[in-house]
Each structure stands twice: as structure tokens, then as C-alpha cells.
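*Asks:* I would like the atomic coordinates for the input below:
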Amino acid sequence: MSQMPQQAALSKCPSCEEPLESGDRFCGACGYDLSVVPARPRDEPTVAVNGSVPPQASADRDRPRPPSAPPAAPSWPTAPPAHHPARTSLPDTSAGQGTPVRGTPVPPPPAPGTLMPPSTAPDTPVPPSPGQGTPVPPPGAQVPPSTAPGAPVAPPAQGAPVPASPAQVTPVPPSRAEGTPVPPPSAEPSAPSSGVRFDRRAQQEERAAQPDEYPLQAPDPRVAAEQGTAGGGAAVCVACRAGRVDDDGYCENCGHAQPRERDHMEQESGPIGAVSDRGLRHHRNEDAFAVSTTALPDGSPASVAIVCDGVSSATRPDEASLAASRAANESLLAALPRGTHPQQAMHDAIIAASEAVNALADEPAAAREHAPHQNAPACTIVGAVVTAGLLVVGWVGDSRVYWIPVDRSTPAARLTEDDSWAAQMVAAGLMGEAEAYADQRAHAITGWLGADAYELEPHTASFKPDRPGVVVVCTDGLWNYAESADEMAEAVPADAAVRPLHAARVLVGHALDGGGHDNVTVALVPFPAVPQGAGSA
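*Replies:* Below you'll find the model as predicted:
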């Protein structure tokens, strides 16, 4: 086991002159490590940088000196104190003189910051006490260059001046002493002064050579040119902004899935605003809507809003809702200008929507063979037609219409009845409304559009409100979070009549904040109908 070297007891700290006690290993005032302070030699001459001998060495050169044992070397490399001069070879006095013998090699001074382990040779002297000050040559002084390894040190000339201080002179780097000659370069390349600094410099160079981020590989320009020529305006990836989006909705460059067009939709048609969102749980948006404005034969305005909700358990529910909303909207836009009563026009529109959904089930026989257990596409539908003094609603399924008056002191109302298990239980008097809608079978619908639906029975109703208000047409993705008419009235902004699109966004946000478990679609229509060209403020 390695042990600390045994040193002679010191009476005061060599660094701060603080008195010490017996057995102290560190200075209590400055923390100086006393274990690295060797015993001060007696009458040992010291060689200066220029090779001369101090005066007291020549005065005591004839005094016999007892042999001294070399100091014990520590088992680990220990750096000398910062204020200690570098170790040099002492002169050989075997010739009876106090001057060094020719040919005695003196190692060059170490590079700044280099650790100098103590020598273990038996004839290596111990450096003087660090308590003595180390003189530094004044600016402009000529300091001889360091001696190369193996070069002899010449003795001082006769009559050369001898320095008065016995301490060694610390060599000054050329950058600090003005006029100091630069030492000749060594034949061998010098090693770096510190391995840590070398590694840090290498790491910095390596980091500088590497980019901050790795950009995705750009597509082949020849392929991109061919695609641009063949497809015209091809869609570009929203992630890497370089790759082409294929027919499956994925980027050919980075593979990122692209957002679908129906994940979030907004539309403002005159005074009507509508928003549809995929929600937070579903992988696609199976809702659809259609909003439009037209004019009756007398020139009075009419607003139309259709909202459809695809049945998730059916095949291609997103296609069913889209087909139904478009067919119903086109039917109303064609019937209302001809003078058809709005309620009859709504009934006919639901029939047209049902036929459009049924057409999706007319697949080739080969397709049914590959998927024999798939059921027909299906969806629900709800719509509203608003004129100057009439409000007509129609529905099949569990999507709803709410009446929200501008004056919130008057009551709001729900204008539709669900085609669902819960509604049937309440209508039959078997359950209360709260109990029925708390049941897990509450949202099982009993009416829908589709080839496998029961006998189609479109529901229509007409109202003549006596005050202005807002008609809210929505799917269950919204009313699940505002089921009663009063809850819906609280969720609808007060300025919904003049800012319907903004109000629709607020309602969709209300559903998403509540959990967004389903697709959310809502359309807001002000009552009475606003003339064309008078959009939202």
C-alpha cells in the first residue's frame, strides 16, 4: 500500500507563515498541503540558470557534509507548488570546486502546466524551501534559452557576476519578457501540455464538423421533375416540405403521414358558419356537413345547414356521411327556389340523401366475396332551413337541433327527438331521461340512412319563433358535452348571431376540452334569415 512521505515537523506554514502544531498535515489558515514540503537541506549549493554558484556555497565548500539519505518518493505523481522553481541538477563537488563539472546535463524547463513527478535517483537534491521569494528578471533582461536534452552546461567565466540571492531564477516565457530570444525548435515534436485540453479541442473540432441537425434526404430531382410533369401540382409533405405525397397519404421522402383534408374543416357561407373536427380519439373524421344560402321565389333569403354523422360500426361511414350531406344540400337548393314548401323540401332532401347512401352499397359481386361480413355504409342526418319567419328541421338518427335565443333570459329548446334506445325508453315511460341516457345502450340508434336500415321515416318539424336567435345543428360529438338546452345555451357565445363561425369554433373547442371522444361537427344559422351578402362581422 502506498504511504504518504514522512517529512520533518514545521513550525510555520511555508505559504502563509501561520504557526503550525505538531502532526498537522494541512495549514489551518490557507489549506496548504504540508506533506509536499520536504526538509530544508543544509548548506546545499544551488545552481542558477546561468550556471553560477551563489556566494555562500563557495564559502562553505570546504566544510565536510555528512551523507544524507534521499527523500522518500510518494507513490503518485505530485506537482511542485506554483511558486517553486523548476528542479535542476546540482553541481558535482567531487572535484573540490563549487562549480559544476563540464558535461553535467541540465534538463530543460518544463512546459507551463506540466506535472513534474519528484525524482527517485539517490543523488537528486531536494528543492529549497518555498518560503524564499523567487526573483523574476526585469523586463528587457537577457535570459539564455533552455538547454536541449543532453547538451553540456558551460562553467561560468572568470570574473562573471554572481547573483546575491541563493534562490533559483524562474525562467520567463518569451511572451512575457520583452527582448527575450526565442529558443530554437526541438527536433522532436513536443507533446501537448495536457491530455484534457487536447481531448476538449478534438471534441470541439468534431462538433464543428457535424451539422446541428440532419436534414432529410431531398428527393431525386429527376424523379421530382417526372412527377411534376405527369401529375402537375403534386402535394408536398407538410413535415419535410420536400417529398411528394403518394395516393395513400404518406410522404415518399420521409414517410410522414399527412393530415387528411377532413380532419378539420371550416366553412362560412353568408351568415352561416360550420366547423367539423376529427376529435381526440378517432383516427378519422366520419362527420360531414354542407351549408349554403339561396332565395325563395319572392326573393326572401333562405339558409340551409345539413350535418351527417357516419355510423362507425358500418362500412365506409365517412363516405356515407359525405354523400348524404351533399345530396340533401343539392336537393334543397333545387327545391326552395321553385317554391316548394321548406318542410316538404326537407323531407325530399332526406329521401335523396338516403338514396345516395344506398348507392354506396351497390358493389360488384367480387367485392362482396372478398368481404362477405361487411355491412352497408350508414349515417345519420339532421338539417335546418331558416327563412324570414319560418324554421324547419328534419332528421333521422341521434343528431340534434337546438334553439338558442339572443335574449338569454328566455328559455332555450331542443327541437329534435333522437332515434335511439334511450329516447324509446323515455317515450315508452319505462325510464326517466337521466336514467336512460346514463345506460350504456343509450346511444344505440334505432334509425339511420343505409341499405340495411329499417323502414325509412324522415322526421320533420316547423317552428315560427317570435324573437331572434341562433339555430345550432350538431352531432352527438358536441351535445355529449352539452346535452340539455340550458347547457348548450351556456356553451354558445353571446355574439353567435353576428359571429357564427367564431361561435362554431368555440363550441368545437368546448367538446375537445371535455375529452373529444367522438367526431365533432356543428353549424350555426342565425334566425331570421339574413339577406345574402350580409355575412358575419
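
*Asks:* which ones are touching the closest residue to Tyr454 other than its chain neighbours?
*Replies:* Among residues not flanking Tyr454 along the chain, Gly447 sits closest, at 7.1 Å (Cβ to Cβ, 6 or more residues apart in numbering). Quick note: C-beta positions are derived from backbone N, CA and C, even for glycine. With contact set as Cβ atoms under 8 Å, 6 or more residues apart in numbering, Gly447 has these partners: Thr380, Val396, Gly397, Asp419, Ala453, Tyr454, Glu457.

*Asks:* got the residue ranges for the helices in this protein?
*Replies:* In the chain, the helices defined using DSSP state H lie at 55-59, 195-209, 221-231, 317-335, 342-360, 365-370, 421-427, 433-438, 476-479, 485-491, 500-513.

*Asks:* and the ones you listed, which one's lowest on average pLDDT?
*Replies:* Set side by side, the helices of the chain give their lowest mean pLDDT on helix 221-231, at a mean of 41.

*Asks:* touching, Ala234 and Val245? I think so.
*Replies:* Yes. Counting by Cβ atoms under 8 Å, Val245 is a contact partner of Ala234 at 7.2 Å.

*Asks:* so for the two, which residue has more residues nearby?
*Replies:* Higher neighbour count among Ala234 and Val245: Val245, with 18 against 14, using other Cβ atoms under 10 Å.

*Asks:* quick one: contacts for that one?
*Replies:* Val245 touches Ala234, Ala235, Val236, Cys237, Cys251, Glu252, Gln258, counting by Cβ under 8 Å, 6+ apart.

*Asks:* same thing with Ser292?
*Replies:* Under the criterion of Cβ under 8 Å, 6+ apart, the neighbours of Ser292 are Ser269, Ile272, Ser303, Val304, Asn329, Leu332, Leu333.

*Asks:* just put the residues you listed in CSV and tack on neighbour count.
*Replies:* Rendered in CSV, the data for those read as follows (neighbours: other Cβ atoms under 10 Å):
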residue, neighbour count
Ser269, 20
Ile272, 28
Ser303, 27
Val304, 29
Asn329, 21
Leu332, 28
Leu333, 17
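
*Asks:* ok, how many other residues are close to the residue nearest to Tyr250 when sequence neighbours are not counted?
*Replies:* Nearest residue to Tyr250, sequence neighbours excluded (Cβ to Cβ, 6+ apart): Ala257, at 5.6 Å. Neighbour count of Ala257, defined by other Cβ under 10 Å: 13.

*Asks:* pLDDT score for Pro117?
*Replies:* 52.

*Asks:* likewise for Met265?
*Replies:* 95.

*Asks:* equivalent analysis for the one 5 residues further on, please.
*Replies:* Each residue has a pLDDT score; the one for Gly270 is 91.

*Asks:* the one 5 residues further on now?
*Replies:* Model confidence at Val275, given as pLDDT, is 97.

*Asks:* next, count neighbours for it.
*Replies:* Residues lying near Val275 (other Cβ under 10 Å) number 26.

*Asks:* that one reaches Val506, doesn't it?
*Replies:* No. Using Cβ under 8 Å, Val275 is not in contact with Val506, being 9.3 Å away.

*Asks:* overlap in contacts of those two?
*Replies:* Counting by Cβ under 8 Å, 6+ apart, Val275 and Val506 have no common neighbour.

*Asks:* follow-up on the earlier one: out of the contacts of Gly447, which are buried?
*Replies:* Thr380, Val396, Gly397, Asp419, Ala453 (16 or more other Cβ atoms under 10 Å).

*Asks:* Phe26: which of these is nearest?
*Replies:* Thr380 (86.0 Å; Cβ to Cβ).

*Asks:* I'd like the distance between the closest one and Cys308.
*Replies:* Distance of Thr380 to Cys308, given as Cβ to Cβ, to the nearest Å: 6 Å.

*Asks:* what does Met488 give?
*Replies:* With distances taken as Cβ to Cβ, Met488 is found 20 Å from Cys308.

*Asks:* and what of Val238?
*Replies:* Using Cβ to Cβ, Val238 is found at 28 Å from Cys308.

*Asks:* what about the two, which has more around it?
*Replies:* More neighbours surround Cys308 than the other of Val238 and Cys308, with 32 against 12 (other Cβ under 10 Å).

*Asks:* show me what the more buried one is bridged to.
*Replies:* Taking DSSP bridges as the rule, Cys308 bridges to Ala288, Ile381.

*Asks:* is it true that the residue nearest to Tyr250 touches Val238?
*Replies:* No. Using Cβ under 8 Å, Ala257 is not in contact with Val238; the gap is 9.9 Å.

*Asks:* any residues in contact with both of the two?
*Replies:* Shared contacts of Ala257 and Val238, defined by Cβ under 8 Å, 6+ apart, are absent.

*Asks:* output the below-cut-off pLDDT ranges for the stretch 101-250 of the chain.
*Replies:* 101-233 (pLDDT under 70).

*Asks:* what do you get if the cut-off is 80, keeping everything else the same?
*Replies:* For the stretch 101-250 of the chain, the stretches flagged by pLDDT under 80 are 101-235, 238-239, 248.

*Asks:* what about Gly270, neighbour count?
*Replies:* With neighbours defined by other Cβ under 10 Å, the count for Gly270 comes to 22.

*Asks:* would you confirm that it contacts Ala302?
*Replies:* No. With contact defined as Cβ under 8 Å, Gly270 does not count as touching Ala302 (10.4 Å).

*Asks:* for Tyr402, what are its contacts?
*Replies:* Contact analysis of Tyr402 by Cβ under 8 Å, 6+ apart lists Ala412, Ala413, Arg414, Leu415, Val471, Val472, Cys474, Trp479, Ala485, Met488, Ala489.

*Asks:* at 7 Å what do you get?
*Replies:* Ala412, Arg414, Leu415, Val472, Ala485, Met488 (Cβ atoms under 7 Å, 6 or more residues apart in numbering).

*Asks:* ok, Ala345 next?
*Replies:* Neighbour list for Ala345: Leu332, Ala335, Leu336, Val385 [criterion: Cβ under 7 Å, 6+ apart].

*Asks:* try 6 Å this time
*Replies:* Neighbouring residues of Ala345 by Cβ atoms under 6 Å, 6 or more residues apart in numbering: Leu332, Ala335, Leu336.

*Asks:* got a markdown table for those residues, with distance to Lys12 too?
*Replies:* Formatted as a markdown table, these follow (distance: Cβ to Cβ, whole Å):
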| residue | distance to Lys12 |
| --- | --- |
| Leu332 | 107 |
| Ala335 | 113 |
| Leu336 | 110 |
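
*Asks:* between those residues, which sits nearest Ala511?
*Replies:* Leu332 (26.6 Å).

*Asks:* pipe the contacts of Gly447 into TSV and attach pLDDT and distance to Val522 per row.
*Replies:* Shown next, in TSV, are these (pLDDT from 0 to 100; distance: Cβ to Cβ, whole Å):
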residue	pLDDT	distance to Val522
Thr380	97	14
Val396	97	18
Gly397	96	16
Asp419	94	19
Ala453	90	25
Tyr454	82	28
Glu457	89	25
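
*Asks:* quick one: which of these sit in strands?
*Replies:* Thr380, Val396 (DSSP state E).

*Asks:* now, which of the contacts of Gly447 sits nearest Glu355?
*Replies:* Nearest member of the contacts of Gly447 to Glu355, counting by Cβ to Cβ, is Ala453, at 11.9 Å.

*Asks:* now that closest one: closest residue in space that isn't a chain neighbour?
*Replies:* Per Cβ to Cβ, 6+ apart, closest to Ala453 is Ala378, 6.8 Å.

*Asks:* wait, that neighbour sits on Ile445?
*Replies:* No. Assessed by Cβ atoms under 6 Å, Ala378 is found out of contact with Ile445, at 9.0 Å.
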